[in-house]
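J.: requesting a structural model of the entry that follows:
(4 chains)
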There are 2 protein chains.
Amino acid sequence: MEPPIPCSDCPLRPLAAFKPVGPTALAAISGAKVGQRLCTSGATILAEDQATTRVYVLLSGWAFRFKTLEDGRRQILNFLLPGDLLGLQGELLANLPHGVEALTAVNLCAFATDAIPGFFRDNPDIALDITWLAAHEERLVDDAVLTVGRRTAMERVAALLVHLYKRAASAGLVEDGSIGFPLTQLHIADALGLSVVHTNRVLQRLRKGGFIRLDGQRLAIGDLRAMRRVGRYWEEPAPRRPLL
Amino acid sequence: MEPPIPCSDCPLRPLAAFKPVGPTALAAISGAKVGQRLCTSGATILAEDQATTRVYVLLSGWAFRFKTLEDGRRQILNFLLPGDLLGLQGELLANLPHGVEALTAVNLCAFATDAIPGFFRDNPDIALDITWLAAHEERLVDDAVLTVGRRTAMERVAALLVHLYKRAASAGLVEDGSIGFPLTQLHIADALGLSVVHTNRVLQRLRKGGFIRLDGQRLAIGDLRAMRRVGRYWEEPAPRRPLL
DNA sequence: CGTTGATTTGAGTAAGATCAAGTCGGGTGG
DNA sequence: CCACCCGACTTGATCTTACTCAAATCAACG
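T.: Numbering: from 1, shown residues only, chains lettered A, B, ... in the order given. Prediction:
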């Protein structure tokens, strides 16, 4: 339970993955911030189909967005890593069309939802950044549709692992060739439209083929090139992204 | 090949589905418009992975966004109907991560991509509308992930047909209980992650069950309630949406 | 008529789901 | 310390959904 971090000391901003921000924009962001929020692993950050009063930036930890069918079938839409914005759809659309759940303990930077129209009025650069982030997230979901709709189970798992590894890497989370990996096999299954059992078997094939090391809570990818080939997954190099 | 329609006479704006727009915003939009573009059915409106110079609003006709794997497997991400914005991701991200193809003859209203930053600078209401449209499209794609990942083939087809029927309806395209329906079974299959053959059989089941009438180019849904039940598909009532 | 695109039908198959146990490791309480 | 519980992971057996391949039909069109 650390004290709130001032935006000027944000641990994320120095990372190469993020676009530098000017002093006026930083002041505007800092001024709109209304606090921080901590969630424990497994907590519901935002409930499905609910009106929201906050928009958050993920400071640390992992989370995911999901939707469920009334009979309980769950689909994970995408994963959220440090720097990601969440809850924007709740502000723009009437209410949030999906839920958000924490995968690990999570530290969130909170903004009042009415800060958004404020940014658009007074700070076009930030407004454009917000729209950029929205477009970027849509790109991720577009990829998810392609993966779930047209890739084989093996391709899906490989593509997801590469994708998450690279994102974790650009958030500075690699330690001696591996990342902390908080997903259970059920999460992988729910993200990829597979059953847990089948997911388990595919993971074993990847392990036995020497493509990955995945024990307990850490993931290492031996040969990234090979994994990309298995997953038929080539994403363009990540551009420097804005950080709210 | 009609002459360009001035924004003030836009045939879409009077529809109840669209949010009214003030005179200054209308003037700004009108001023940014650089022309119209006609495409024939089947034409590529925007190519995959390409830098773009234009953003379009679909004035009339149907189109779809898609991605392909290098071996030819194609996934349709969502369908575009009159009033939809396309090409925004090409402006914000470096280049367009998906292709856009016309399903019917299509009439597009063109804006130079650099009109977007201009809107953000000078016209916060329009900027917010653009972001709203982006968030709304993401919602559609989120739904697509849920459909493809967790619904059965029967549910997928039923949900898609209801979805498209309702959207066509709100674009004013219903004529005596049916809509013009330009998708082939291959399009349906590619949108839903199914094979054409299986799609065909599911459609036949829906027809024989009396749920739909789908002959050649027209779709009618007998009992919408029943179809929603089959598809496990309940969307929230469509809000009035902005039109660029 | 011949061609072409869309749809339909049949037969065989494979990918992945379901069901049912069983293992393993890390708490927790007695 | 040990029994036990619980969640995550594994494994095997069986089954089903939806895919593949192949071919026929059908309508529109030049």
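
J.: quick check: the closest residue to A:Arg156 other than its chain neighbours vs A:Leu183, distance?
T.: Counting by Cβ to Cβ, 6 or more residues apart in numbering or on different chains, A:Leu192 is the residue found nearest to A:Arg156 once chain neighbours are left out, at 4.4 Å. (Glycine included, C-beta is placed from N, CA and C.) Using Cβ to Cβ, to the nearest Å, A:Leu192 is found at 11 Å from A:Leu183.

J.: swap in A:Val148?
T.: Distance from A:Val148 to A:Leu183, by Cβ to Cβ: 16 Å.

J.: again, but for A:Leu219
T.: 9 Å.

J.: tell me which of the two has more neighbours.
T.: Ranked by neighbour count (other Cβ atoms under 10 Å in any protein chain shown), A:Leu219 and A:Leu183 place A:Leu183 first, with 22 against 19.

J.: tell me the contacts of the residue most central in space within chain A?
T.: Chain A has A:Leu80 as the residue nearest its centroid, 1.6 Å off, counting by Cα atoms, centre = their mean. By Cβ atoms under 8 Å, 6 or more residues apart in numbering or on different chains, the contact list for A:Leu80 reads A:58, A:62-65, A:86, A:100.

J.: any low-confidence regions in chain A?
T.: Within chain A, the ranges that satisfy pLDDT under 70 run A:1-3.

J.: show me the contacts of A:Leu80 that map onto strands.
T.: Residues of those located in strands (DSSP state E): A:58, A:63-65, A:86, A:100.

J.: within reach of DNA strand D, which of those residues are there?
T.: Near DNA strand D, judged by Cβ under 7 Å from any atom of the strand, there are no entries from the ones in strands among the contacts of A:Leu80.

J.: nearest to DNA strand C: which residue in chain A?
T.: Nearest to DNA strand C in chain A, going by Cβ to the nearest atom of the strand, is A:His198, at a distance of 2.9 Å.

J.: that residue reaches A:Thr152, doesn't it?
T.: No. Between A:His198 and A:Thr152 there is no contact under Cβ atoms under 8 Å: 11.0 Å.

J.: so what does the nearest residue in space to A:Gly149 that is not next to it in sequence have for phi and psi?
T.: Leaving aside its sequence neighbours, A:Gly149 sits nearest to B:Gly193 (Cβ to Cβ, 6+ apart; 3.3 Å). Phi and psi for B:Gly193, reported as degrees, to the nearest 10, are phi 70, psi 30.

J.: and B:Gly193, how many neighbours?
T.: By other Cβ under 10 Å, 24 other residues sit near B:Gly193.

J.: cool, and the one 10 residues further on?
T.: Close neighbours of B:Leu203, defined as other Cβ under 10 Å, add up to 17.

J.: which residues touch it?
T.: Per Cβ under 8 Å, 6+ apart, neighbours of B:Leu203: B:157, B:185, B:188, B:212, B:214.

J.: quick check, the residue of chain A closest to DNA strand C in a helix?
T.: Yes. Assessed by DSSP: H, G, I helix; E, B strand; the rest coil, A:His198 belongs to a helix.

J.: gap between A:Pro97 and B:Val34?
T.: 34 Å.

J.: okay, strands next: where are they in chain A?
T.: For chain A, applying DSSP E gives strands covering A:33-39, A:44-46, A:54-60, A:63-68, A:74-80, A:85-86, A:99-102, A:106-112, A:174-175, A:178-180, A:212-215, A:218-221.

J.: now distance to B:Phe111 too, for those strands, in CSV please.
T.: Output for the strands of chain A, formatted as CSV (distance: least, Cβ to Cβ, whole Å):
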stretch, distance to B:Phe111
strand A:33-39, 34
strand A:44-46, 34
strand A:54-60, 28
strand A:63-68, 30
strand A:74-80, 29
strand A:85-86, 26
strand A:99-102, 33
strand A:106-112, 30
strand A:174-175, 41
strand A:178-180, 42
strand A:212-215, 45
strand A:218-221, 42
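
J.: number of residues surrounding A:Ala238?
T.: 13.

J.: actually A:Lys19, sorry about that
T.: Using other Cβ under 10 Å, A:Lys19 is surrounded by 12 other residues.

J.: quick check: closest non-adjacent residue to A:Arg65.
T.: Distances taken as Cβ to Cβ, 6+ apart put A:Leu77 closest to A:Arg65, at 4.4 Å, once the chain neighbours are dropped.

J.: who's in contact with that neighbour?
T.: A:64-67, A:98, A:141, A:144, B:142, B:145-146.

J.: show me the domain layout of chain A.
T.: A:7-124, A:147-231 (automatic domain parsing).

J.: these: which one's closest to B:Cys10?
T.: domain A:7-124 (23.1 Å; Cβ to Cβ).

J.: thought A:Leu12 was touching A:Leu243?
T.: Yes. Counting by Cβ under 8 Å, A:Leu12 does reach A:Leu243; the two are 5.9 Å apart.

J.: quick check: neighbours shared by the two?
T.: Common neighbours of A:Leu12 and A:Leu243 (criterion: Cβ under 8 Å, 6+ apart): A:18, A:83.

J.: between these two, which one's more packed in?
T.: Taking other Cβ under 10 Å, A:Leu12 and A:Leu243 do not tie; A:Leu243 has more neighbours (23 against 18).

J.: just checking, that one touches A:Ala16?
T.: No. When contacts are counted by Cβ under 8 Å, A:Leu243 is not listed as touching A:Ala16 (11.9 Å).

J.: quick one: the helices in chain A?
T.: A:23-32, A:88-92, A:115-122, A:124-150, A:153-170, A:185-192, A:196-208, A:224-231 (DSSP state H).

J.: returning to that earlier point: does the residue nearest to A:Arg156 touch A:Val157 like I think?
T.: Yes. With contacts counted by Cβ under 8 Å, A:Leu192 reaches A:Val157, the gap being 6.6 Å.
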